[in-house]
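Novice: Generate a structure from the sequence data that follows.
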Amino acid sequence: MRLHPLLPLPRGSRLQCMMHRSIPASRAFRLICGLLMYVATPGHVLAEPTPAAVTAFNSYVRAVESRLAQQHQSRSAFLAPVTPVQRSDNRLRQGDIIIEQRTPSGGLVLPGALLHHWRATAFVPGATAADFARLLKDVDAYPANFSPQVLQARILTQDGDHLQTWMRVRQHHVITVVMDTTYDVTFGRLDAQHGYSISRSTRISELNSHGYEVDASQDHGFLWRQNTYWSYEQRDGGLYIQVESVSLTRSIPTGLGWLVGPFVESVPRQSLEFTVRSACSALRKMTDQ
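Specialist: Numbering: from 1, shown residues only. A predicted model of the protein is given here:
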């Protein structure tokens, strides 16, 4: 979004505002007004990321993928160490999901854009690397395994462990949006106990209230790029799974950072946590069968 999210916001006709009981009415009102101003920014300013932002994103991704390629060649360091390292395995085996923000709070500031990098790690007792590989490759089952975020999914082309996939996803964080996304996905493994997948977005388009793609000049630009990296290791009587999500979104308009910033930061984290929890739940169902 991967997932794992980092999610675009809809135009005014798609807004579905929620005022949670735990949020004072005045604060909720300011939040909603701020978000309305956020999505009302002229579309032509947001349609595409700047060349400088794309260059910076690609450079960051190359560094992440270079590090992962080294990890995936080592049985002893296949997963990135969780911070803090002390007692992390015990926390995971007790059912915790450890989520880490790899970029500064609010995202890494690029010219006209923000780069978000999050990592989540979990442990599923009794699960195997083979179980998780089947789960990730069963794209047709994503709407069941990752509901309600994934509405539809299918494989467009497949050549062994290299796939082109399409998904229609729905996200709801105070406001709601539906997107069509395509990904280039590669699966690999070091051995029977260690596997990984690399998913790079190739197209992301926002849909209007009638289910049609919006014109490029009207796209809000809340999600320009999203890469998702899964790594998994079978040991200790179960499976450790780790996912990293790197995404590129539009920047926050001047003057709205104090209000919109916390919302923008919460979206990628919550989306990543949902994805990991859903994957763990699907794995548990597989092991119970």
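Novice: now the strands for the chain?
Specialist: Using DSSP state E, the strands of the chain run over 98-101, 108-110, 113-125, 150-159, 162-173, 175-191, 194-206, 225-235, 238-250.
Novice: Give me whichever of these is most buried.
Specialist: Of those, the one with the most neighbours on average (mean count of other Cβ atoms under 10 Å) is strand 238-250, at a mean of 25. For the C-beta atoms, the positions are set from N, CA and C on the backbone; glycine is no exception.
Novice: ok, back up a step: save the strands of the chain as CSV, and put in mean pLDDT and distance to residue 81 too.
Specialist: Conversion of the strands of the chain to CSV gives the following (pLDDT from 0 to 100; distance: least, Cβ to Cβ, whole Å):
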stretch, mean pLDDT, distance to residue 81
strand 98-101, 94, 10
strand 108-110, 91, 21
strand 113-125, 94, 10
strand 150-159, 97, 30
strand 162-173, 90, 29
strand 175-191, 92, 17
strand 194-206, 94, 16
strand 225-235, 96, 12
strand 238-250, 94, 10
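Novice: closest to residue 132 out of those strands?
Specialist: The stretch from the strands of the chain with the least distance to residue 132 (Cβ to Cβ) is strand 225-235; that distance is 5.0 Å.
Novice: Including distance to residue 268, could the strands of the chain go into a markdown table?
Specialist: Formatted as a markdown table, the strands of the chain follow (distance: least, Cβ to Cβ, whole Å):
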| stretch | distance to residue 268 |
| --- | --- |
| strand 98-101 | 9 |
| strand 108-110 | 12 |
| strand 113-125 | 5 |
| strand 150-159 | 17 |
| strand 162-173 | 10 |
| strand 175-191 | 14 |
| strand 194-206 | 14 |
| strand 225-235 | 9 |
| strand 238-250 | 6 |
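Novice: ok, residue 196 to residue 228 distance?
Specialist: Applying Cβ to Cβ, to the nearest Å, the value for residue 196 to residue 228 is 11 Å.
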